[in-house]
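Visitor: Next one to model:
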Amino acid sequence: MTETAQARTTTQDAGPTSHDGPHGYASDKEAYLKRMRRIEGQVRGIARMIDEDVYCIDILTQVSAVTKALQAVSIGLVEDHLGHCVVDAARESEEAGAAKVKEAADAIARLVRS
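Guide: Next up is the predicted model:
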């Protein structure tokens with residue numbers, strides 16, 4: 001699959017991406033940004049380890065730590081999405097609620113595959 005086709009498929013798989021009003025993570029935005037900056041620093045540290053020819057297992061240990069940190073962010077975002085966006089849509093209408101549940105299920109499936 002070409003890179004463009006893959007990007008198109010990924011975008012299509014993502015489903016609806018709009019939401020009226022504040023996002024579910026809005027109240028925790030600063031905490032998410034802080035966590036992401038910490039993860040960004042960890043990733044830069046891994047690149048530095050590779051550049052400095054650090055032992056493979058030590059690098060893999062750091063990759064594992066970054067992966068777990070990203071998974072924790074993902075779980076938090078899923079919880080926020082379910083508790084805010086899905087609940088709001090379900091209050092709006094049964095159809096809107098079902099669409100948001102499908103969107104969340106698709107996002108969770110992508111996380112599980114990754």
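
Visitor: Residues in contact with the helix or strand containing Ile50: which ones?
Guide: Here Ile50 is covered by helix 29-51, with elements defined by DSSP states H and E. For helix 29-51, the surrounding residues in contact (C-beta atoms under 8 Å, 6 or more residues apart in numbering) are 25, 58-59, 62-63, 65-66, 69-70, 72-73, 76-77. Glycine gets a C-beta too; all of them are placed from N, C-alpha and C.

Visitor: Could you do stretch 78-87 as well?
Guide: The contact list for stretch 78-87 (C-beta under 8 Å, 6+ apart) reads 19, 23-25, 28, 97, 100-101, 104, 107-108, 111.

Visitor: Buried residues, that stretch. List them.
Guide: 78, 80-81, 84-86 (16 or more other C-beta atoms under 10 Å).

Visitor: In helices, which of these fall?
Guide: Within the buried residues of stretch 78-87, residues falling in helices by DSSP state H are 78, 80.
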